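> no letters, just coordinates:
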């Protein structure tokens, strides 16, 4: 990543830096890797959220989809998820997305290394 | 609705299963009977030519729903029932085995059947069509001992099979009747691009020619084309299109080129509905037939709503299909029998582009997306909204598709 990392808001290194706040405008999606997992970070209704980046239905990167408010739509079969808690709003998916903690501090966005 | 009410759904494919489920999730209290001539639990078909054939998915993971769901939703699943005759006055439907079922509402979700060819020697072993799970199982078994395969037809199913079999390390030849397969849908440039993609991945393509004879002892050993080519092979797969399955018939039931339905999924007989591949339905005023997964799902859901609440939900979905071939992902939105111009955004050489099909008013009627999934949702919106678009802006990748509505000229 090219960005200058801000100070880590969590001292035990439980979070990793994703991008600067200015890179993530309302309804924007940003994909990142956490370990071997793909994670998508989005800004919905002002707040920052992070969920698993691959659709739970079939292989598609959710960062290629769209965020409208807090509704995240997959670009392949158009399943919709609530980015706040990963729940399925509309099929064909029937499995919720795994959720990560996302925080915004001092102009930087961070995501938890662990799910939940 | 009273609990005495019965809805019978014929066909437990993608459309039938989604209709049954939707009836329940929308609050239908009556009996739901879902029947199919197949004896297997309802399964998903698109992976048959891809993930299943290449071993990435097993039979269990191809089920459309966990078997327990049918019980949970109180859906009476009747498998191995082959229905043919419908009596719209008595409201019954008869099966080949002599059994009869009563209904108050009937939904035909009978899908489509494969077009077949008649070629000298086609009774040899090793010649396959792929439609049902049983076909896929037989193909997979046969393929264990095979190296050279001929595929007849370079449509999407033929192309996906070629890609899957190439991945398995086989020697694949496609024989295609036309010079530009699928030209009527995607245009000449994209057709040529798709053929070239096979070439790039080591699939041998013979076009403007057709197989006229198979030779072999008991199993096919050679395909002979009209142009005189002799292609050694131990297996042949035929994918030359599909026709609507309108086996459930009645003189009053219009079924020329598919069950004719209105925007609510109603057929020409009251209380008989149809959904999915087997229907001829009005898309922006023109009757069309769509044989794709996404349409089957959404059409079925909408028609289920109209079974519950008569004429409550007109079907206005934009047709869509996707195809995975040789590591590329293609997505196609809309429907355009003809177009005035095409606009290419991106480049064919990069294998990442979106090709738009515009009408005379510069409104996007359809689009073919190659490896640009980000464009999918904006493109779908464009086709839905039918705004006039500036073709130059459309071709300019520095202008975001999402922002295109601000660039329109009316």
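Noted; the coordinates are in hand. All values derive from a computational prediction rather than experimental measurement.
> around chain B, pick out the residues from chain A.
Within chain A, the positions near chain B by CB under 8 Å from any CB of the partner chain are A:60, A:61, A:64, A:65, A:66, A:73, A:75, A:76, A:77, A:78, A:91, A:92. C-beta coordinates here come from the backbone N, C-alpha and C atoms, glycine included.
> ok, residue B:104 to residue B:247 distance?
Using CB to CB, to the nearest Å, residue B:104 is found at 22 Å from residue B:247.
> in space, what's closest to residue B:96 - neighbours in sequence excluded?
Counting by CB to CB, 6 or more residues apart in numbering or on different chains, residue B:96 lies nearest to residue B:82, which is 4.4 Å off, once chain neighbours are set aside.
> circling back: narrow the residues of chain A next to chain B to just the buried residues.
A:60, A:61, A:64, A:65, A:66, A:73, A:75, A:76, A:77, A:78, A:91, A:92 (16 or more other CB atoms under 10 Å in any protein chain shown).
> pretty sure the last one contacts residue A:80?
No. The criterion here is CB atoms under 8 Å, and residue A:92 misses it with residue A:80 at 10.3 Å.
> could you list the low-pLDDT ranges of chain A?
Counting by pLDDT under 70, the low-confidence segments of chain A come to A:1-12.
> what's the local residue count around residue A:22?
By other CB atoms under 10 Å in any protein chain shown, 9 other residues sit near residue A:22.
> for it, helix, strand, or coil?
Secondary structure, DSSP: H, G, I helix; E, B strand; the rest coil: residue A:22 is helix.
> thinking it is in contact with residue A:109, fair?
No. Taking CB under 8 Å as the definition, residue A:22 is not a contact partner of residue A:109, at 9.9 Å.
> could you give the bridge partners of the closest residue to residue B:85 other than its chain neighbours?
Spatially, and ignoring its direct neighbours in sequence, residue B:85 is nearest to residue B:94 (4.4 Å; CB to CB, 6+ apart). Per DSSP bridges, residues listed as beta-bridge partners of residue B:94: residue B:85, residue B:100.
> verify the stated contact: residue B:94 with residue B:84.
Yes. Between residue B:94 and residue B:84 there is a contact under CB under 8 Å: 6.6 Å.
> tell me where the stretch 251-400 of chain B has helices.
B:293-308, B:376-385, B:391-395 (DSSP state H, counting those that start in this stretch).
> can you get me a residue count around residue B:217?
Look at residue B:217: counted by other CB under 10 Å, it has 8 neighbours.
> how about residue B:371?
The tally of other residues near residue B:371 (other CB under 10 Å) stands at 16.
> in stretch B:337-350, which residues are buried?
Of the residues in stretch B:337-350, B:339, B:342, B:343, B:345, B:346, B:348 count as buried by neighbour count, 16+ other CB under 10 Å.
> tell me the contacts of the last one?
For residue B:348, the contacting residues are B:189, B:193, taking CB atoms under 8 Å, 6 or more residues apart in numbering or on different chains as the criterion.
> quick one, phi/psi of it?
Backbone torsions of residue B:348, given as degrees, to the nearest 10, read phi -60, psi -40.
> so how far is residue B:192 from it?
9 Å.
> ok, now the third one?
Using CB to CB, we find residue B:343 at a distance of 17 Å from residue B:192.
> one step back: could you count how many residues lie near the residue nearest to residue B:85?
15.
> ok, now which ones touch it?
Contacts of residue B:94 (CB under 8 Å, 6+ apart): B:83, B:84, B:85, B:86, B:87, B:100.
> and which of those is nearest to residue B:259?
residue B:86 (11.2 Å; CB to CB).
> the domain parsing of chain B - what is it?
Per the record, chain B has its domains at B:6-113+B:243-308, B:127-238, B:327-407, by automatic domain parsing.
> where does chain B have low pLDDT?
In chain B (pLDDT under 70), the answer is B:1-3, B:403-410.
> interface residues of it facing chain A?
B:294, B:297, B:322, B:329, B:331, B:373, B:374, B:376, B:377, B:378.
> dump these to CSV, plus neighbour count.
Output for the residues of chain B next to chain A, formatted as CSV (neighbours: other CB atoms under 10 Å in any protein chain shown):
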residue, neighbour count
B:294, 20
B:297, 23
B:322, 22
B:329, 18
B:331, 22
B:373, 19
B:374, 19
B:376, 27
B:377, 20
B:378, 18
